[in-house]
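**Q** quick one, structure for this:
(chains A, B and C)
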Amino acid sequence: MKKVLMGNFAASHGVRLSRAQVISAYPITPQTHVVEELSAMVARGELNAKFIKVESEHSALACCIAASVMGARAFTATSSHGLLLMHELLHWASGGRLPIVMVAVNRAIAPGWNIWNEQTDTLSQRDTGWIQLYCASNQEILDTVIQAFRLAETVKIPVMVIYDAFILSHTYEPVDIPDQKTVDAFLPPLKNPEVLKVGEARAFGSVTSPDFHMEFRMKLHDTYERVPEEFEKIEQAYAATVGRTYGAIEPYRCEDAELVMVVAGSLAGPTKMVVDGLRQKGIKAGRIKLKMFRPFPTKPLQEALKNAKKILVLDRNLSPGTGGIFAHELRSALKGDARPVWGFVAGIGGRDITPELIESMFFDAIGADAPVSTTIFKGVRL
Amino acid sequence: MLEIRFHGRGGQGAVVASKMLAVAFFKEGKGVQSFPTYGAERRGAPVAAFIRVDDGPVLYHHNIYTPTHVVVLDPSLMKRVDVTQGLPKGGFILINTKLHPSDFPSLKGFDVHVVDASEIAIKHGLGSKENPIVNTAVLGAFAKASGLVGLKAVLEAVKEESPIKIKKNLAAAEEAYNKVE
Amino acid sequence: MLGKLVQFHSIEELPDSPVTKGTTLWNPTGTWRSVRPIHVSRLSPCLLGCPAGNPVETFIRLIEEGDVDGALSAIHEENPFPAICGRVCFHPCEDRCNRGSLDGPVAIHLLERWVADRGTWKPVPPEKENGKSVAILGSGPAGLTAAYHLRRMGYAVTVYEKDRKLGGLLRYGIPAYRLPRKVLNREIKNLRKMGIVFKTGKSLTEEEFDARGFDAAILCVGAQKFRDPKLVHQEGKGVWQALEFLRGVNENDRVSLQGKALIIGGGNAAIDAARSALRCGADVTIAYRRTREEMPAFGEEVEAAMEEGVNFVFQVAPQSIKRGSDGQVTGVGFVKTRPGKPDETGRRKVIINPHETFTIEADQVILATGEVPADLPWDLEIRYGESLCETDREDVFVAGDVAGRQRTVAYAIGWGKRAAIAVDAYLQSKKVNFNKIAVPGGEGISMRAYLGTAQIPDKPVVPYEEVNTYYFPESEAARGRVLPKQKRLEGFNEVVQGLASPQARNEAARCFHCGDCVMCDNCLIFCPDVAISRAEGKEGYDIDLDHCKGCGICARECPRGAIIMVEENI
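**A** From the prediction side, this is the model:
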């Protein structure tokens, strides 16, 4: 069934179709709709789940961890400062190998108080051990939530489903909502043999001495190596049942492109339009949409970029002193590569990124052999 | 690609109107996108809502600076807000008012349409006399005046998206469709 | 340190997440222990304070558990008169209560009164008569208490009371506005139902005692001998002794007084006389030789008297009664006094200034200058032995004010119990270790300890510092509603009202239960080794000594000092 849905409601439907059993969250703009709608679904009996109200995001994730430790499929949603408050527990969830799924709506971090879009909140959680998947449309949000549960439960690593504040969260777009039967065929009920059981002597979070701790960390790292492959299988299964697929990265017109721009999130759409426009002008442009950020899809990126002469990264985030975080990661992934990489930073704190601004980045790169600086701010009022 | 801008006051239903209109276009097989001005939405404050309509999926995600169509739910806003901002000469404006297009000399050169949506809304018991909910009536008028979307699709959208008083909203949309100038 | 290392042959064998699949029982942390916790029963300060030996903590706990009848029975093990004590006792238990150091002592007297007024307790004759008989002279609180306990033990008890009605000081000394007669009669009636024989308007001579074949006697004739101040012109109309006056009021319900009444003295009898005189219509002044702070009367009573309108004159000593030509009293001549050096008891002497004289006008004078123990009715001497009840005749004992030092109802009740124990020990040839049945450091004595049904804790009293007040949010002590002044002066209606049930339950919940485990589970919750568990099939806790490492957290977190750490024997 196709409906015109807000991005946040697309996420709610994804969670409903995934039959989450425990939902715990604390409201924060621009995420609040997600759990508001879920609580209504639970109240209306459309979703058989326990909705736990809490007094902070820290507690929200703690509830999800407890639920997951007891074998329940758990979900939470947050944004910005709420995500930062969860930081400690993000580690608990991944170190505990708990397949929790979270929606994180990208919002800027204070000060100054700003509810608008920026990706620094989720990117600053990159070392917590959570898989990160960025979405470019409301349809992708719904599909990714469902895929995220299966991915998390397959590799026993929690997954963050991420999208841009307002640009997707509050924007209505047509979304195809699959029926429950189809999703059930794709996503079986959660089974985790290692969970705690009432009446059995088991404990979570007890001491792991130097004799063991390193092995657990190594095991988590090794599992990460398997994630791209598992994700691909899950995408194939999803395509077979629901009929859509996204890929860890989505290259567009990259085969013969001399200039390739790498972006994540809702910028995927406008950059595609800009590439088409540039192609009409005879410029060999391409773009790569990055869906998966953790683990970083190094090999597919290297492959997709192999013919590019100039690489552009558009970051809607900032690591002060380092620059755009995607650019930084990409440079690291390309290692000794001699090709120039333009790191553009734009759209911080909800600043609009227009097609003209994107186009100007391509022209910057066309007009020079190398970037004037590692980080180039675009659309800044000077 | 159509880019439509709604002007209203917080609480008048501009956001819901833009969503309903998006649904109506979607029902006719178009690619649509609808979004409000992001940020604080206070009751009574001037607000704007936007729609993009295209033959295929809409991929752009930036703000609308040069609308092709403008809809004004509350004419009193026109004192404070330049509703024609970015609208090219000859562009479409639909205003909820008792006045005639010729009563708006500042809009000379634009394709001005009027409908007394407030009266229609009050007549059908939508909102209060002081604060009528005009969005469904305005959509009916938009369908006729713009010729871009059929009344049937608009009525279907109103039916699906009205939280309450569905019949009254349908009647208001239809009446406005027939009365718009 | 961590026991045997778990062996994994490959990383695949290692579970994905650090979930412990098993218990920590393999790790005998008990071997680290140098001290161990034990749950103990310790003395609570309230028990030390009660001369009657009331099981304060126990009955409050039963209130908390909702067992009002059980609470009343618990008191009855030690004290036959909770309704009376709850009203007239000046609650030294509360002076000792640890909660007093926080936000006001638990209102124990009001709880005792509430239990007595709300609970049911059935007086029954003893299951088995032991064939021995005891005569008791005097039906004041000491005599009645001795009778009660002896009857419970199976003795045939006869109480001789020379007055028309039973109760002694309780009836003739304490005004009805403090102890309504209905309450007094109710508790005395209980004794009758137990089969105690009362002979009122009668006394018993030593010869009669010998002739009638009693096995023992207890003389509880009180302290009614007037301490005469021997004022000039004291003899004649218009001058009363306080006890005489109170007896008159209490026998006749009220006497009519007109004009000014002057009470001389500063003890409880002076206040009782003053407040009674007020109710009989007089304008009342109390004159006392020393300062307000030095008054032996209980503070609450002095305050109530002031509230009701009694005037006080301090540091004056009476010299003479002034009489008119018709012999009517017109006033009392006084000299002023000042405090001198403390005597050997620490009390300051009164120094009289003979040059500063003055007169206070009065129409009646009531002399509340004190009483001394009555003469024993028989030709005997008191010979204090271990029980403090002995005389030079081995089958005759004394109890109450006649033998007493402190003269209060609670002391008399405690003393009556002592005498009952002394008589039983004598008649059953039992050796009694008074150290085991008296509260160490306190005033009371325990009948349950004597009978072997309970033990007095032998561990030291819990000081306030050992109470973990973190667990007791501050709360105000309950107070009984007080009759408005105007209503009080209309007659002898009871001034202080009892607690309502919700109030009583809240008040009981304020009790710290010093030194008594109430199974709050705090030790169990806090034990980091999960070594404490509820004992199966009985009250209390089991401590798994294989895993208790002696960290002492349980003792520190115990809200009431009921866990102590003792050194391990090595």
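**Q** from now on I want contacts and neighbour counts done on CA atoms only, so please keep to that.
**A** Fine.
**Q** distance of the closest residue to residue C:404 other than its chain neighbours relative to chain B?
**A** Nearest-residue entry for residue C:404: residue C:373, 7.6 Å, with adjacent residues in sequence omitted and distances by CA to CA, 6 or more residues apart in numbering or on different chains. According to CA to the nearest CA, to the nearest Å, residue C:373 and chain B sit 89 Å apart.
**Q** number of residues surrounding residue C:373?
**A** 19 (other CA atoms under 10 Å in any protein chain shown).
**Q** who's in contact with it?
**A** By CA atoms under 8 Å, 6 or more residues apart in numbering or on different chains, the contact set of residue C:373 is C:222-225, C:401-404.
**Q** of the residues you listed, buried ones?
**A** C:222-224, C:401-404 (16 or more other CA atoms under 10 Å in any protein chain shown).
**Q** please name the nearest non-neighbouring residue to residue C:178.
**A** Nearest one to residue C:178, counting by CA to CA, 6+ apart, is residue C:494 at 5.7 Å.
**Q** just say helix, strand or coil for the one you found.
**A** Reduced to three states with DSSP: H, G, I helix; E, B strand; the rest coil, the structure at residue C:494 is coil.
**Q** ditto for residue A:116
**A** Secondary structure, three-state DSSP: residue A:116 is coil.
**Q** just list whatever residues bridge to the spatially most central residue of chain B.
**A** For chain B, residue B:71 is the residue whose C-alpha lies nearest the centre (CA atoms, centre = their mean; 4.5 Å). Here residue B:71 sits in beta bridges with residue B:6, residue B:94, as judged by DSSP bridges.
**Q** wait, it sits on residue B:94?
**A** Yes. Counting by CA atoms under 8 Å, residue B:71 touches residue B:94, with 4.8 Å between them.
**Q** need the phi and psi values for residue 21.
**A** Since you didn't name a chain, this refers to chain A. When read as degrees, to the nearest 10, the backbone of residue A:21 gives phi -100, psi -30.
**Q** wait, chain C was what I had in mind.
**A** When read as degrees, to the nearest 10, the backbone of residue C:21 gives phi -100, psi 80.
**Q** so what's it up against?
**A** Listed by CA under 8 Å, 6+ apart, the contact partners of residue C:21 are A:201-203.
**Q** mind checking pLDDT for it?
**A** Predicted confidence (pLDDT) for residue C:21: 71.
**Q** how many other residues sit next to residue 147?
**A** The chain I'm using is chain A. 25.
**Q** chain B, not that one
**A** With other CA under 10 Å as criterion, residue B:147 counts 10.
**Q** how close does it sit to residue C:319?
**A** Distance from residue B:147 to residue C:319, counting by CA to CA, to the nearest Å: 121 Å.
**Q** on that earlier part again, got TSV for the contacts of residue C:373, with distance to residue A:135 and pLDDT too?
**A** Shown next, in TSV, are the contacts of residue C:373 (distance: CA to CA, whole Å; pLDDT from 0 to 100):
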residue	distance to residue A:135	pLDDT
C:222	96	87
C:223	97	82
C:224	99	78
C:225	102	80
C:401	93	87
C:402	97	83
C:403	96	80
C:404	93	72
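**Q** which of the residues you listed fall within strands?
**A** If you go by DSSP state E, the contacts of residue C:373 have residue C:225 in strands.
**Q** and which of the contacts of residue C:373 is nearest residue C:173?
**A** residue C:224 (10.0 Å; CA to CA).
**Q** I'd assumed residue C:372 was in contact with that closest one.
**A** Yes. Under the criterion of CA under 8 Å, residue C:224 makes contact with residue C:372 at 6.5 Å.
**Q** quick one: buried residues of the longest helix seen in chain A?
**A** As assigned by DSSP state H, the longest helix anywhere in chain A is helix A:213-241. Neighbour counts over helix A:213-241 (16+ other CA under 10 Å) mark A:216, A:219-220, A:224, A:227-228, A:230-232, A:234-238, A:241 as buried.
**Q** ok, residue 47 - contacts?
**A** In the absence of a named chain, chain A is used. A:16, A:19-20, A:38, A:41.
**Q** look at chain C instead
**A** Residue C:47 makes contact with C:53-57, C:93, C:439, C:442, C:444, according to CA under 8 Å, 6+ apart.
**Q** how is the chain divided into domains?
**A** Since no chain was named, I'll use chain A. As given by automatic domain parsing, the domain ranges for chain A are A:2-241, A:251-377.
**Q** should've been chain C
**A** If you go by automatic domain parsing, chain C breaks into C:45-122+C:469-504, C:133-223+C:373-432, C:226-370.
**Q** having no further points to raise, I will conclude here.
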